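Engineer: Sequence and computational prediction follow.
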Amino acid sequence: MSNNVDTLLEALPYIREFHGRTVVIKYGGAAMREEELREAFATDVVLLKYVGLNPVVVHGGGPEITRQMERLGMEVRFHEGLRVSDAETVEVAKMVLLGKLNSDIVQRLNRHGQPAVGLSGEDGSLLEVAPAPNAEQVGFVGTIERVDVDVLNHIAVDYIPVIASSASDRDGQSYNVNADEVAGKVAAALGAYKAVFLTDVDGWLADPTDSASLISRATVEQVEGRLVAVDGGMRPKLRACVDAIQGGAQSAHIIDGRRPHSLLLELFTDAGIGTMVTS
C-alpha cells in the first residue's frame, strides 16, 4: 500500500504543473498493434484528461498500411524513413488511417470514459501541405506548410482530438504525411507544453544496435548537429522534437511504447524514460 501512496505523492507535483496544459502525443508502433498496449494507451490518455491536461493524439499507421499494401500485391518501399507513395498508395493509406485506425482509437477512448473526436488534416483546414523537398524520390509525400489550430482549440475544450496523418494541398491533391512531422508541427502551432513520441525502441540510441547507448537528454542544438547521421524512422522523430521546441514546447520526449503505461511513467514520475529533448 505504501508503494501506491508513494507513487501518487510522486505524481502530484507533476499533475499540478501540467494542469490545463496541452500535451501532444504521437501514437504509433507496438503501442498501436498489441491489444494490451492499446488498452493501456487509452487508459493513460483518458487519465490525462481527467487530471486536467489537454491531450491531443496524432497517429500514423505504418505497419497496418504496409500489411494492407502487401495484401493488395503492392510494392512497399521507403526512402530516408518516408514511405515512397504513388497515388494508389495514398488512397490505401487514407483508407487505413481514416477508415480503420482513427475510428478504432476514438471508439476506445470513448469507451474508457472521455469523448474523443477523429480528425484528418482536411478537417477544418487543419493541415496544409506541399510536396516534400525530395518528391522525386518519395512521390506523394507532403511536408506541412501551415497548421490552422482553430478547429483544435474549439474541440480540445470538451473532447480529445485524434488526428490522422493525412492531408491535402490547396488543389485538393492528397498526400501521405509523416505522423511524427504532424505531431511536431501541431505541438508547435498549439504552443503545447510537451510533445511525446511513442516508438518501438528505448529512445534515441547513439548506436542503434546497442540498447545501452540511450541518449537520455539532448538539446535542440545537439540534435541538429547529429541529425544528418541518423537513419531510418528516428530521423523524422528527432526533427519533430526540434519543430515542437522551436515552436515553444518546453520539452519533447521519445519513449518506448512497448512498455505498458510508458506515457504516465514519462510524465508523472521522477525517473522518466526514453530521450528528452529541450531547448
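Structural biologist: It's in.

Engineer: When you work out contacts or count neighbours from here on, use the C-alpha atoms and nothing else.
Structural biologist: Will do.

Engineer: what residues are up against the nearest residue to Glu145 once chain neighbours are set aside?
Structural biologist: Nearest non-adjacent residue to Glu145, counting by CA to CA, 6 or more residues apart in numbering: Val129, 5.2 Å away. Residues in contact with Val129 (CA atoms under 8 Å, 6 or more residues apart in numbering) are 142-146, 167-170, 175.

Engineer: Weed out the non-buried ones from the residues you listed.
Structural biologist: Neighbour-count burial (16 or more other CA atoms under 10 Å) is assigned, among the contacts of Val129, to 142-144, 167-169, 175.

Engineer: now the strands: where do they sit in this protein?
Structural biologist: Secondary structure of the chain (DSSP state E): strands located at 22-27, 54-59, 78-79, 82-83, 116-119, 127-131, 141-147, 160-164, 166-168, 174-177, 194-199, 217-219, 251-256, 275-278.

Engineer: Let me have these in CSV, extended by mean pLDDT and distance to Leu97.
Structural biologist: Formatted as CSV, the strands of the chain follow (pLDDT from 0 to 100; distance: least, CA to CA, whole Å):
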stretch, mean pLDDT, distance to Leu97
strand 22-27, 97, 12
strand 54-59, 97, 8
strand 78-79, 86, 18
strand 82-83, 85, 14
strand 116-119, 97, 10
strand 127-131, 94, 15
strand 141-147, 93, 15
strand 160-164, 97, 6
strand 166-168, 91, 8
strand 174-177, 92, 10
strand 194-199, 96, 17
strand 217-219, 95, 32
strand 251-256, 96, 22
strand 275-278, 95, 27
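
Engineer: Same list, the ones you listed, but as JSON lines with distance to Ala229 please.
Structural biologist: Shown next, in JSON lines, are those (distance: least, CA to CA, whole Å):
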{"stretch": "strand 22-27", "distance to Ala229": "23"}
{"stretch": "strand 54-59", "distance to Ala229": "26"}
{"stretch": "strand 78-79", "distance to Ala229": "15"}
{"stretch": "strand 82-83", "distance to Ala229": "16"}
{"stretch": "strand 116-119", "distance to Ala229": "34"}
{"stretch": "strand 127-131", "distance to Ala229": "24"}
{"stretch": "strand 141-147", "distance to Ala229": "21"}
{"stretch": "strand 160-164", "distance to Ala229": "29"}
{"stretch": "strand 166-168", "distance to Ala229": "28"}
{"stretch": "strand 174-177", "distance to Ala229": "22"}
{"stretch": "strand 194-199", "distance to Ala229": "19"}
{"stretch": "strand 217-219", "distance to Ala229": "15"}
{"stretch": "strand 251-256", "distance to Ala229": "18"}
{"stretch": "strand 275-278", "distance to Ala229": "17"}
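
Engineer: Can you add distance to Gly113 and give the buried ones among the contacts of Val129 back as a markdown table?
Structural biologist: Shown next, in a markdown table, are the buried ones among the contacts of Val129 (distance: CA to CA, whole Å):
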| residue | distance to Gly113 |
| --- | --- |
| Gly142 | 35 |
| Thr143 | 35 |
| Ile144 | 32 |
| Ala167 | 29 |
| Ser168 | 32 |
| Asp169 | 35 |
| Tyr175 | 33 |
